[in-house]
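Colleague: I'd like to go over a predicted model; first the sequence, then the structure.
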Amino acid sequence: MEVKNIKLSDDKFFAERKEILEHWPTGKGVDFNSAVEYQKSIPQEKRFGDKLQMAKKEGITLIQPRAGVALYDEHIKLLQYLETEGEADLLPTTVDSYTRLNRYTEAQTGIEKSKESGRSMLNGFPIVNYGVDICRTVTSALKSPVQVRHGTPDARLLTEISIAGGFTSYEGGGISYNIPYSKNHSLEKTIAHWQYADRLIGLYEEAGVSINREPFGPLTGTLVAPCISNSVAVIESLLAATQGVKDITVGYGQCGNLIQDVAAIKSLTEVTREYLDKFGFTDVKVTTVFHQWMGGFPQDESKAFAVISWGAAAAVLAKATKVIVKTPHEAMGVPTKEANAAGLRATKQLTSMLKDQSFTNIPAVIMESDIIKQEMKCILDKVEELGKGDYALGTIAAFQAGIIDIPFAPSKFNAGKVMPARDNTGAVRLLEVGNIPFSEDLKVFHRQKLEERAAYEKRTVSFQMVIDDVYAIGKGFLVGRPNSTK
Amino acid sequence: MEVKNIKLSDDKFFAERKEILEHWPTGKGVDFNSAVEYQKSIPQEKRFGDKLQMAKKEGITLIQPRAGVALYDEHIKLLQYLETEGEADLLPTTVDSYTRLNRYTEAQTGIEKSKESGRSMLNGFPIVNYGVDICRTVTSALKSPVQVRHGTPDARLLTEISIAGGFTSYEGGGISYNIPYSKNHSLEKTIAHWQYADRLIGLYEEAGVSINREPFGPLTGTLVAPCISNSVAVIESLLAATQGVKDITVGYGQCGNLIQDVAAIKSLTEVTREYLDKFGFTDVKVTTVFHQWMGGFPQDESKAFAVISWGAAAAVLAKATKVIVKTPHEAMGVPTKEANAAGLRATKQLTSMLKDQSFTNIPAVIMESDIIKQEMKCILDKVEELGKGDYALGTIAAFQAGIIDIPFAPSKFNAGKVMPARDNTGAVRLLEVGNIPFSEDLKVFHRQKLEERAAYEKRTVSFQMVIDDVYAIGKGFLVGRPNSTK
Amino acid sequence: MEKKTIVTGVIGADVHAVGNKILAFALDQAGFNVVNLGVMVSQEEFIAAAIETNADAILVSSLYGHGEIDCNGLREKCNEAGLKDIPLLAGGNIVVGKQEFSEVEKRFIAMGFTKVYPPGTQIETTIADLNEILGIK
Amino acid sequence: MEKKTIVTGVIGADVHAVGNKILAFALDQAGFNVVNLGVMVSQEEFIAAAIETNADAILVSSLYGHGEIDCNGLREKCNEAGLKDIPLLAGGNIVVGKQEFSEVEKRFIAMGFTKVYPPGTQIETTIADLNEILGIK
Ligand code: B12
Ligand code: B12
């Protein structure tokens, strides 16, 4: 199977579609034309993309939780609660892990067991099992726009049901929902699957319905250097735009050093725009999402509040269009609705309190942003070269060669040679560059930054730093120092 | 009564002392020599000043709560709890409001009523009523250094008992514990009273016992522009140093704009050092304290956590030596020990997580710091001029003339002409300069900053802005915008 | 219509001045004749001012936590001084700590207060209630 | 002394790889012979690996919340496969949501697990327990 970055032909798409809609009985409930009609009936203030554009214009940062439970009436109550008690601006529907792996039979068991036990036995909302009508019941019960958030390598049926079900935004991508979320799916397959999803959304666009699309920015959420996740975001934006997507939100997971975090959002915005324009997609809208720290959280709820708040502050100071919010239960398990709303309210306090402050143009941020841009250029140029101008082919080759390499990813198609570690100020650098094609200057830069830390900690640069850094935030630190220099 | 900024003579001091120790029966328990001996027996790791110096050297920020209850065994338990469960680095003993006004009989009623009702009927710990021995029972039961925090215009007896009781740090000053805390006390009187307190600590210094002294930085805690509180801090440092104090911690209450907050601590440190040196006090040590937002708090506990965390972050990024911590109960009442520890743990997460990041040298901070220094120079020069070189006389004259003027202060000796308001980025500026002797340039600067906001909000600069700003943080904002521009 | 006169102040040894200043300003804006005694006001001062100005209500603030001790006996002293049915309102952070407000309310009503308010009461509520209590529409 | 062999992996449809990588590294450092199956491991794969490597214990991680469903029946399958008394340890975030751990523990012990661990269990604890269970001192 060869996958190229070209718009799917109608023939190819509709042939595939026929098959997809038969994967599970609920597929029969999808009808494109009536779905377009239904989507058109959704008022503007409930459309995800419109609300994002408004926020972008006003320079404010919207807040959005993650949430999903097995039973749909409980799910509605949960989202309503987050809307009223949590003051959420945007709502999610987080899909369960069985659905993400197309294991609809197990998801069905989860639904049944949840009914029996009275508590959710699934870690999310099984959209496919419920089908179009129940999804419409959910999305129409709420005042705010709702987005599907998942982690599904093959999301073709899920996309069909979701958009027909009235969701106005959709997360994922052929790279970002594969490498961090899967072990055995090849990139050829997942990129193709996501071309399908993006083409479907392109068809909605062509029918006058704009659906917001969001590549999953944070990847494994753990010490992912900005240049890596930003490069993936740019590539997925190009792949989506090629299929006709017109509204993209690119994302980044907080690393914790404020300068680097603001610089990451800045470079992400600018380079995504640059590449879309370069390939003629000047009419594609770009907004940004900042994820509060995605790695291991402290167990203590007060400390979790602090991590959440710091993430909220960084998001606003970076002028991200929206921020995805963690909860004080993060280290423990799927949060109760109360804990979820608590994380939201803490975040809301800061998104409104700090909205008039910006750090996007301070010199240190501009410098760091320039470095990230240089790094991204090294990666993206090589991807383009390997693909001979085709970003789908280039990406596949790049992963094979370790040109793109995501730390801690479970996928066997990821090289896993890169090792990240924090420098002496907590910014994430690369201890082991692997095959990422950095220029000599950049390699020296990363090495120097880590030697600086090593000298301060009086130890050599080593894998122990990586381990220490993985635990650090959970233990109350950013840089994982040896006990002697704590 | 005329009060001059000269070291009290032994004659004068000891005559006054005799009288003071008779104000309440527990005064008899104070013996200077045995107190010196007792203080010398306190191990170094429990000495406030030493721990601050260590933190300063390491560039870290220590955390300290406020806490005090009526019954001493409960008070010990409370502080032990904050030490273990709250991870406090430094401990307080907050004194109740009756003691602060020397109403020891009412404090006694409070103790009795607390015993009866089983809950603390006092808003703090009545040090004077308990006397030296019980204070030693308290201070020796703890692993960390303990400081007395109060708000007492005439604290002479309180100081005697506190230091003999084993406290190694002491908050307050003749201005900062008068103007925000009193209605009728004249500055002549309170400056004289605090000369006594400072001289007593000077005597301890001369006997080889160093006690840390901390002027109360935040004053009324509500929109106090940095130049005002910083000027008061410099003056109180000079007054204290004149009496022989050798270890001073100057403070500032967070305003909320990060650049301004970091700049405030920067200018405070530098100008205090400069003035102490100028007057020959080169051997006086200077550290800083940053107070998390001291004005009205949000009712909601999650939102309070956000405000607390933002204060913690600002303190660390400003490299303050310590931070005074609020609690999620702030808007409601004196916190439970659990709420107090929760605020501490949130703060600890960020003081350790962000310790390797600093904002003290970014250009925007340097610019803002230069402005604060210019403003302080205008004020301090005039104080010096009015006092003909004597900062005690100068201060009294300056308050009379409104040269120093503290917003919202209850004292009838405060001019009350100054009105602060936030500019368009949330920095506190002066809407009404009153008689503060700013240069024309500075006046124009403040005016422009507020006009900028007015234009954005499409209304004129007015008192309504002040009111809106007072409520803003409690309502989730920093700048109090009219509804139309929220 | 004639302006109603309100005596306001912060009772006891309490120096929290911010709310008091803003409350007085807002009541004045809302058309009341405000006699603001500021902070650290004794029961006697409240009563003297109410008599002198022929006040229609006394609005007591207490923020610092000693409100329960400080307010105790105010109603009795009002009665003795001939201010028999004068409305007494209390608000702020009137007790020590975060307590179940319904309990606090009971204790204050038992002490003879007409109405008591929890922390964070909006100025609009205060004004609306005053209008009702004083029969202004 | 001979090295003890431990089979580790993340069960079910779970892809949380970070803890697994670090756990495997630490066990190796601590002197165990580690057979790390990575993420998304089925019950069958655990058992096959344990048989093949003659393992002394199986260490099951589950992070994503479906641990209870995924672990159900593992002991029975071990018994059938001839791994009668092999120690079965489970840890991570093994159930959905923040639950009273003692309840969770009961359910897992009832399912035949030797030991279960709450979220945030330190590597040192894991190693110490393994040493005890396997009679290493
Ligand atoms: C990073 C992360 C992710 C990354 C994972 C990237 C990757 N491929 O590795 C991404 C973003 C992809 C992700 C996805 C999901 N995640 Co996730 N994730 C986390 C997070 C934040 C950190 C996990 C981590 O790496 N910790 C650091 C490592 C070092 O610690 P650890 O994994 O806990 O492992 C240590 C210990 O647990 C212990 N241990 C582990 N196993 C065992 C076994 C034994 C026997 C013993 C003794 C000890 C032990 O030792 C390990 C090493 O020290 C946690 C929350 C947290 N902990 O803060 C949530 C969390 C685990 N995720 C969760 C969920 C629900 C999901 C998703 C379903 C939904 C979503 N949020 O998108 C998907 C699931 C996908 C799937 N099919 O598995 C939930 C699980 C809920 C529950 N159990 O109730 C958590 C708890 C967050 C939450 N509170 O909701 N996640
Ligand atoms: C600023 C402040 C200070 C400043 C005051 C400066 C000054 N002179 O004004 C300083 C730092 C000096 C200070 C000192 C103290 N404070 Co103080 N302070 C505050 C704080 C943070 C804000 C108060 C404020 O200005 N709010 C803004 C204004 C606009 O709101 P307000 O005062 O609540 O008033 C409004 C409403 O309550 C209502 N209202 C008020 N009165 C009435 C009456 C009626 C009838 C009605 C209907 C409504 C009403 O309308 C007002 C206008 O909107 C509060 C906590 C909070 N609220 O966040 C603590 C707080 C009031 N302080 C407290 C304490 C304990 C003290 C001290 C004893 C100890 C200390 N922390 O140092 C001293 C007391 C000194 C003394 N003798 O009074 C406690 C009281 C505890 C309790 N009741 O259980 C509080 C609640 C903090 C806490 N949680 O511990 N404080």
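Modeller: All right, it came through fine. Ligands and ions are numbered 1, 2, ... in the order given.
Colleague: which residues does residue A:287 bridge with?
Modeller: residue A:249 (DSSP bridges).
Colleague: and it, what is it in contact with?
Modeller: A:52, A:53, A:55, A:56, A:248, A:249, A:250, A:321, A:322 (C-beta atoms under 8 Å, 6 or more residues apart in numbering or on different chains). (C-beta placed from N, C-alpha, C; glycine too.)
Colleague: Distance to ligand 1 and neighbour count for the residues you listed - can I get that in CSV?
Modeller: Shown next, in CSV, are the contacts of residue A:287 (distance: C-beta to the nearest ligand atom, whole Å; neighbours: other C-beta atoms under 10 Å in any protein chain shown):
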residue, distance to ligand 1, neighbour count
A:52, 21, 26
A:53, 26, 17
A:55, 23, 18
A:56, 25, 20
A:248, 20, 24
A:249, 16, 27
A:250, 17, 26
A:321, 20, 26
A:322, 16, 28
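Colleague: Can you tell me which of those lies closest to residue B:292?
Modeller: Lowest distance from residue B:292 to the contacts of residue A:287 (C-beta to C-beta) belongs to residue A:322, with 27.2 Å.
Colleague: For the closest one, which non-adjacent residue is closest in space?
Modeller: residue A:62 (4.2 Å; C-beta to C-beta, 6 or more residues apart in numbering or on different chains).
Colleague: List phi and psi for that neighbour.
Modeller: The phi/psi pair for residue A:62 (degrees, to the nearest 10) reads phi -80, psi 160.
Colleague: mind listing the strands for chain A?
Modeller: Counting by DSSP state E, chain A has these strands, from start to end: A:62-64, A:91-94, A:146-149, A:169-171, A:212-214, A:247-253, A:285-291, A:322-324, A:419-422, A:428-432.
Colleague: Show me the contact partners of the fifth one.
Modeller: Just to be clear, that refers to strand A:212-214. A:48-49, A:52, A:147, A:168-172, A:198, A:201, A:240, A:245, A:247-251, A:289.
Colleague: Is that strand positioned near ligand 1?
Modeller: No: if you take C-beta under 6 Å from any ligand atom as the test, strand A:212-214 misses ligand 1, and the best it gets is 13.0 Å.
Colleague: At the contact with chain B, which residues of the stretch 151-300 of chain A appear?
Modeller: Proximity of the stretch 151-300 of chain A to chain B, by C-beta under 8 Å from any C-beta of the partner chain, involves residues A:256, A:257, A:258, A:259, A:298, A:300.
Colleague: The first one touches residue A:423, doesn't it?
Modeller: By that I understand residue A:256. No: judged on C-beta atoms under 8 Å, residue A:256 makes no contact with residue A:423 at a distance of 11.5 Å.
Colleague: So these two - more neighbours on which side?
Modeller: residue A:256 (28 against 23; other C-beta atoms under 10 Å in any protein chain shown).
Colleague: show me the contacts for that one.
Modeller: A:293, A:310, A:422, A:426, A:473, A:478, B:353 are the contacts of residue A:256 under C-beta under 8 Å, 6+ apart.
Colleague: Among the residues of the stretch 151-300 of chain A next to chain B, which one lies nearest to residue B:163?
Modeller: Of all those, residue B:163 sits closest to residue A:300, with 36.0 Å by C-beta to C-beta.
Colleague: can you count the residues close to the nearest residue to that closest one once chain neighbours are set aside?
Modeller: Nearest residue to residue A:300, sequence neighbours excluded (C-beta to C-beta, 6+ apart): residue B:345, at 5.7 Å. Per other C-beta under 10 Å, the neighbour tally for residue B:345 reads 24.
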